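>>> below is the structure, and that's it, no one-letter string:
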């Protein structure tokens, strides 16, 4: 498939529509962590929407932006996707990311460096990180 070049646009948050059947749930603690991350680093990961402005990926980030009172957010519109492709991407965007595993040694190495720099670790959302057995 040849898709068009992607463009990041700043949209009014009210123009971004939630997908009613979004299968990935975002508990309050995660939305709060996303809010802290956005406050610290900015809204650096655009949400994805279909041709009608309905969310494909980024429901949690939108909830965090709403919590922060943001008026505009970065959006990439994937208008070239069929309805079936948009549904499949909604599922795969979350399921594939969930399959990643953390290296305890490398996480600790990074955290040690950040601690030595007196970096606030709270916005990282690592308080309940799961390591492989």
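Thanks, I have it. Owing to the predicted nature of the structure, the values given are computational and were not obtained by experimental measurement.

>>> now the helices for the chain?
Listed in chain order, the helices of the chain (DSSP state H) span 28-41, 59-68, 83-98, 104-116.

>>> I'd like to know which elements the third one is packed against.
Taking 3 or more CB pairs under 8 Å, 6 or more residues apart in numbering; DSSP states H and E as the contact definition, the neighbouring helices and strands of helix 83-98 are strand 55-57. Every residue, glycine included, has its C-beta placed from N, CA and C.

>>> okay, the residue lying closest to residue 77 once chain neighbours are set aside and residue 41: tell me how far apart.
Nearest non-adjacent residue to residue 77, counting by CB to CB, 6 or more residues apart in numbering: residue 49, 5.3 Å away. From residue 49 across to residue 41, the span is 22 Å (CB to CB, to the nearest Å).

>>> looking at those two, which has the bigger crowd around it?
Neighbour totals were compared for residue 49 and residue 41, and residue 49 leads with 25 against 11 (other CB atoms under 10 Å).

>>> quick revisit: what's near enough to touch the residue nearest to residue 77?
16, 17, 55, 56, 75, 76, 77, 78 (CB atoms under 8 Å, 6 or more residues apart in numbering).

>>> of these, just say which sits nearest to residue 29.
For these, the residue nearest residue 29 by CB to CB is residue 55; the value is 20.6 Å.

>>> beta-bridge partners for residue 11, please?
residue 73 (DSSP bridges).

>>> and residue 120, what does it touch?
Residues in contact with residue 120 (CB under 8 Å, 6+ apart) are residue 40.

>>> and if we set it to 10 Å?
Listed by CB atoms under 10 Å, 6 or more residues apart in numbering, the contact set of residue 120 reads 36, 40, 114.

>>> weed out the non-buried ones from those.
The neighbour count (16 or more other CB atoms under 10 Å) marks residue 36 as buried among the contacts of residue 120.
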